[in-house]
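Student: coords please:
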Amino acid sequence: MLQTWLALIIFLVVYAIIISEKINRTLIALIGAALLIILGITDLQLAFTQYIEWRTITLLAGMMILGGFIQQTGLFQYAAVRTAKAAKGHPLRILIFLSILAAVASTVLDNITTILLVVPITLSITRIIQVNPVPFLLAEIIASNIGGTASLIGNPLNMMIGTANPHLTFNAFILNLAPIVVIILAAALIFLYLVYKKQLKPDPKIQAKLLTIKEREFIQDPSLIKKSVIVLALTLLAFIFHTFIQVEPAAIAIAGAILLMLIGTKRQSAHKAFEHVDWAALLFFVGLFALVGGLQEVGIIRNLAQKALEITQGDMEYASILMLWGSAFASATVDNIPFVVTMIPFIKEMADGLGLAVDSSQITTLWWSLALGSCLGGNATMIGASANLIAAGMAAKEGKSFSYWEFLKVGAPITLISLVIAQVYVYLRYFI
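Tutor: The predicted model follows:
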């Protein structure tokens with residue numbers, strides 16, 4: 001009983017500090033995990049072999065390295081300038097086109113990497129056309145989070161859900177989530193168009209100036225571009241066919257990263273790619289997995305799952321509604337990564353309580369509800385997703401910061417629209 005209370009208190013204190021951002025979140029997560037081990041609530045071997053999801057961490061690391069190589073090449077900057085030119089310098093068109101680019105990129109790279117690539121070039125383009133960059137940044141963040149919902153590798157949350165459930169393959173994510181993501185993205189872009197159409201008026205002189213930019217000047221290493229595109233394409237093909245070749249997504253991602261490091265044109269390319277790996281984020285995941293493992297060890301997750309079953313009375317339709325909206329609310333108000341880490345064993349315990357396999361159709365609906373709710377809910381507030389905070393920080397460094405309320409005024413309505421569409425989709429696809 002004492003260990004149960006200790007595990008719960010440590011988890012809640014760590015969670016509260018993560019939300020408050022008073023202490024570095026990686027540091028406090030690792031401190032919490034260390035306390036669980038020191039107090040004997042769980043042991044180091046159990047944490048490393050059972051609770052820490054190394055496949056998620058490996059998948060993330062691999063995709064970060066691939067993204068790091070692409071960032072070195074200038075390919076994304078080239079694509080962004082080409083996109084702006086395709087919009088003929090019209091600010092509102094540029095906003096829509098760059099948002100679509102961010103959404104598409106987030107399906108093949110994780111949304112954090114996409115934001116790191118798109119924000120600097122957006123700041124440059126808006127500087128040239130002399131408009132406020134904030135509407136562009138908000139639109140790209142929202143589009144990136146929506147686009148990342150569509151695939152296994154598009155969002156760290158999906159990576160965690162997918163690697164914890166081998167039956168939720170790369171293809172399963174695309175087939176189940178991509179169709180509704182396209183509809184949600186279209187609705188979000190229409191909303192953004194209506195919000196910003198009066199603010200973003202074209203200026204013929206400035207439009208002409210943008211058209212004089214030579215996008216090829218952004219290409220830094222043509223040879224590495226070819227190699228990066230080939231390796232990324234091979235990696236995506238391997239994701240698509242991984243059930244046939246019987247190789248896990250984490251192994252595919254790290255193999256792609258290693259291959260690109262081996263064939264990189266310069267030795268320093270690999271070093272630069274490693275610099276783009278967010279080691280703090282990976283250690284944050286390690287600490288969180290160990291913390292939630294402590295809750296599993298003392299039975300707290302199991303008890304919560306039993307309570308949820310009592311409330312829903314085993315009704316999967318009701319449970320999916322609670323999962324979708326509950327995870328969205330949680331993602332909007334706290335960091336969605338710790339929430340999803342906690343929900344994964346929670347759903348597994350619910351399945352066990354119902355006597356169902358985690359890959360049964362009923363439980364699989366809960367996984368899709370969790371993915372949709374947690375990913376889309378991250379758009380509601382500035383603290384809802386890691387990509388939001390990263391973009392805000394990058395903008396602030398350039399003196400173009402935006403407030404929590406400025407984000408909320410755009411993000412919250414789009415999130416509400418997205419969730420209503422997602423709820424209709426889940427009901428029609430899985431319960432009719």
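Student: what helix or strand is Ile9 located in?
Tutor: Using DSSP states H and E, the element containing Ile9 is helix 2-20.
Student: in PDB, list the C-alpha atoms belonging to that helix.
Tutor: Only the C-alpha atoms of helix 2-20 are listed here, as PDB (Å, rounded to 0.1, in the frame of the first residue of the first chain):
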ATOM      1  CA  LEU A   2       2.900   2.400   0.900                       C
ATOM      2  CA  GLN A   3       4.600   1.700  -2.400                       C
ATOM      3  CA  THR A   4       1.300   2.400  -4.300                       C
ATOM      4  CA  TRP A   5       1.000   5.800  -2.600                       C
ATOM      5  CA  LEU A   6       4.700   6.600  -3.200                       C
ATOM      6  CA  ALA A   7       4.400   5.700  -6.900                       C
ATOM      7  CA  LEU A   8       1.300   7.800  -7.300                       C
ATOM      8  CA  ILE A   9       2.800  10.800  -5.500                       C
ATOM      9  CA  ILE A  10       6.000  10.700  -7.400                       C
ATOM     10  CA  PHE A  11       4.100  10.500 -10.700                       C
ATOM     11  CA  LEU A  12       1.800  13.400  -9.900                       C
ATOM     12  CA  VAL A  13       4.600  15.600  -8.600                       C
ATOM     13  CA  VAL A  14       6.700  14.900 -11.800                       C
ATOM     14  CA  TYR A  15       3.600  15.500 -14.000                       C
ATOM     15  CA  ALA A  16       2.800  18.800 -12.200                       C
ATOM     16  CA  ILE A  17       6.400  20.000 -12.600                       C
ATOM     17  CA  ILE A  18       6.400  19.000 -16.300                       C
ATOM     18  CA  ILE A  19       3.200  21.100 -16.800                       C
ATOM     19  CA  SER A  20       4.600  24.100 -14.900                       C
END
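Student: quick one: the helix or strand just after it to helix 2-20, angle?
Tutor: For helix 2-20, the succeeding helix or strand toward the C-terminus, using DSSP H and E, is helix 25-38. Interaxial angle, helix 25-38 versus helix 2-20 (axes from the mean of the first three to the mean of the last three CA atoms, to 10 degrees): 170 degrees.
Student: helix 25-38 packs against which elements?
Tutor: Under the contact criterion of 3 or more CB pairs under 8 Å, 6 or more residues apart in numbering; DSSP states H and E, helix 25-38 touches helix 2-20, helix 279-297. Yep, even glycine has a C-beta here, placed from its N, CA and C like the rest.
Student: so which bits of that helix are buried?
Tutor: Arg25, Thr26, Ile28, Ala29, Leu30, Ile31, Gly32, Ala33, Leu35, Leu36, Ile37 (16 or more other CB atoms under 10 Å).
Student: got the buried residues for the very next helix or strand once past it?
Tutor: Proceeding N to C from helix 25-38, the next assigned helix or strand is helix 44-46, under DSSP H and E. For helix 44-46, the neighbour count (16+ other CB under 10 Å) marks Leu46 as buried.
Student: for the helix or strand that helix 44-46 is followed by, what is the average pLDDT?
Tutor: Going down the chain from helix 44-46, the next helix or strand is helix 54-73, by DSSP H and E. Helix 54-73 shows a mean pLDDT of 81.
Student: gap between helix 54-73 and the chain center?
Tutor: A distance of 13 Å separates the centroid of the chain from that of helix 54-73, by CA atoms, centre = their mean, to the nearest Å.
Student: buried stuff in it?
Tutor: Across helix 54-73, burial judged by 16+ other CB under 10 Å covers 55-73.
Student: least confident secondary structure element in the chain?
Tutor: Using mean pLDDT, DSSP states H and E, helix 267-275 stands out as the lowest-scoring helix or strand of the chain, at a mean of 66.
Student: nearest to Ala47, out of the helices and strands packed on helix 25-38?
Tutor: helix 279-297 (4.5 Å; CB to CB).
Student: re the thing from before, so which of the helices and strands packed on helix 25-38 gets nearest Leu370?
Tutor: Using CB to CB, the nearest of those to Leu370 is helix 279-297, at 14.5 Å.
Student: what's downstream of the closest one, the next helix or strand?
Tutor: Helix 279-297 is succeeded, C-terminally, by helix 300-312 (DSSP H and E).
Student: tell me the buried residues in that following helix?
Tutor: Under the neighbour-count criterion of 16+ other CB under 10 Å, helix 300-312 has Ile300, Ile301, Arg302, Leu304, Ala305, Ala308, Leu309, Thr312 buried.
Student: which one is the fourth one nearest to, not counting chain neighbours?
Tutor: This means Leu304. Phe346 (6.2 Å; CB to CB, 6 or more residues apart in numbering).
Student: buried sites along the host helix or strand of that neighbour?
Tutor: Element membership for Phe346, per DSSP H and E: helix 336-354. Neighbour-count burial for helix 336-354 flags 336-351, 354 (criterion: 16+ other CB under 10 Å).
Student: that helix packs against which elements?
Tutor: Using 3+ CB pairs under 8 Å, 6+ apart: helix 336-354 touches helix 156-163, helix 279-297, helix 300-312, helix 316-333, helix 361-377.
Student: okay if I get these as a markdown table plus distance to Val424?
Tutor: Formatted as a markdown table, the helices and strands packed on helix 336-354 follow (distance: least, CB to CB, whole Å):
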| stretch | distance to Val424 |
| --- | --- |
| helix 156-163 | 21 |
| helix 279-297 | 32 |
| helix 300-312 | 20 |
| helix 316-333 | 11 |
| helix 361-377 | 12 |
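Student: let's have those helices in CSV, adding distance to Lys227 and mean pLDDT.
Tutor: Formatted as CSV, these follow (distance: least, CB to CB, whole Å; pLDDT from 0 to 100):
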stretch, distance to Lys227, mean pLDDT
helix 156-163, 24, 89
helix 279-297, 25, 83
helix 300-312, 44, 77
helix 316-333, 37, 87
helix 361-377, 31, 93
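Student: Ala84: which of these is closest?
Tutor: Nearest to Ala84 among the helices and strands packed on helix 336-354 is helix 361-377 (27.3 Å), distances taken as CB to CB.
Student: what's the angle from the closest one to helix 336-354?
Tutor: Counting by the same axes, to 10 degrees, helix 361-377 lies at 170 degrees to helix 336-354.
Student: I'd like the next helix or strand past helix 361-377.
Tutor: Heading C-terminal from helix 361-377 (DSSP H and E), you reach helix 386-397.
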